[in-house]
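In: missing the sequence, but the structure's below:
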């Protein structure tokens, strides 16, 4: 044991640890002063590497010479298997307009959906949102270490209902110039929050209904407001008594709170990781704060009638960044993580 201590080149070990520490510091800084998700994992990998280094150094060099061919064969086999399986693709979810897909591939791969790059985390997880009017023929490109594969993805077309809503104040359907300025400013802030990236997979806790009530407005409905055609509805309207508890449907971090918006009234945006976020509008009261970490089932708000609303209800939306998907599809067809 003592002879091993003297044989090891400690200067080399010191330089190795120093360089590795600089890498950890950079990962810590990039994550905004957080150990998760990169720095802590890197420390674990470095520790394992150092242990293997000392184990290898403790073995007599003659043993390495004697088994060199076996070691070479084993390493070559591992590299070959990595090449074979590197482009594997696993997709789960709803293959339809308004659907959500959860993907899995090799962490070293690059993924493109219709030529748009999709973030793949260190475990190979990624999330895809399929828009309300997405085309039916799509492609996913998996760019591996040595080859590129294109997978054709077919999604089903949906028919959307026409929903007529009467009794809204005139300015809530046709805002004036000052109100349009306010709406533009609020929309920019909301869009920015939906675009925030959180490299966590909090959504793997699964999803439940955020409130008990009656669905009065479905995802994708073409809306006619006070007799005037307007944008489709991109969420679920769930009617409930004012003050009814609204809970978090999944683990999340609170991304944004707005106390008084023109259309949404009091609202919350939760971040579930890898671009997946959820929105809660027309609230009466908010029980969480921005940057707060919450668990599935935690109380976040109360049903209200604020903003553009004709009665107490929750407008619940789920997005992958700024692509709105159907919450009901997620609830009925979510994979087991």
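Out: Ah, there it is. Since this is a predicted model, take the numbers as computed values, not measurements. Numbers count the residues shown, from 1 in each chain.
In: When you work out contacts or count neighbours from here on, use the C-alpha atoms and nothing else.
Out: OK.
In: From residue 249, how far off is residue 71?
Out: Noted for residue 71: a distance of 50 Å to residue 249, by C-alpha to C-alpha, to the nearest Å.
In: Just want to know which of these two has more residues nearby.
Out: residue 249 (24 against 13; other C-alpha atoms under 10 Å).
In: buried ones in the helix or strand where residue 20 lies?
Out: Using DSSP states H and E, residue 20 falls within helix 10-30. For helix 10-30, the buried set under the neighbour-count rule, 16 or more other C-alpha atoms under 10 Å, comprises 21, 24, 27-28.
In: Run the chain-centre distance for stretch 39-51.
Out: Distance, stretch centre to chain centre, for stretch 39-51: 26 Å (C-alpha atoms, centre = their mean, to the nearest Å).
In: How about residues contacting that stretch?
Out: Residues from elsewhere that reach stretch 39-51 (C-alpha atoms under 8 Å, 6 or more residues apart in numbering): 20, 24-25, 27-28.
In: circling back: how about JSON lines for the buried residues of helix 10-30, with distance to residue 172 and pLDDT added?
Out: Formatted as JSON lines, the buried residues of helix 10-30 follow (distance: C-alpha to C-alpha, whole Å; pLDDT from 0 to 100):
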{"residue": "21", "distance to residue 172": "56", "pLDDT": "89"}
{"residue": "24", "distance to residue 172": "51", "pLDDT": "86"}
{"residue": "27", "distance to residue 172": "47", "pLDDT": "75"}
{"residue": "28", "distance to residue 172": "46", "pLDDT": "75"}
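In: Out of those, which is nearest to residue 60?
Out: Proximity of these to residue 60 (C-alpha to C-alpha) peaks at residue 21, which lies at 29.5 Å.
In: quick one: that closest one and residue 199, what's the gap?
Out: According to C-alpha to C-alpha, residue 21 and residue 199 sit 22 Å apart.
In: repeat for residue 16
Out: Distance of residue 16 to residue 199, given as C-alpha to C-alpha: 28 Å.
In: Ok, residue 154 next?
Out: 28 Å.
In: can you check residue 303 too?
Out: Look at residue 303 and residue 199: by C-alpha to C-alpha, they are 30 Å apart.
In: Those two - which one has more neighbours?
Out: In this view residue 303 and residue 199 are compared by other C-alpha under 10 Å, and residue 303 has more residues nearby, 27 against 18.
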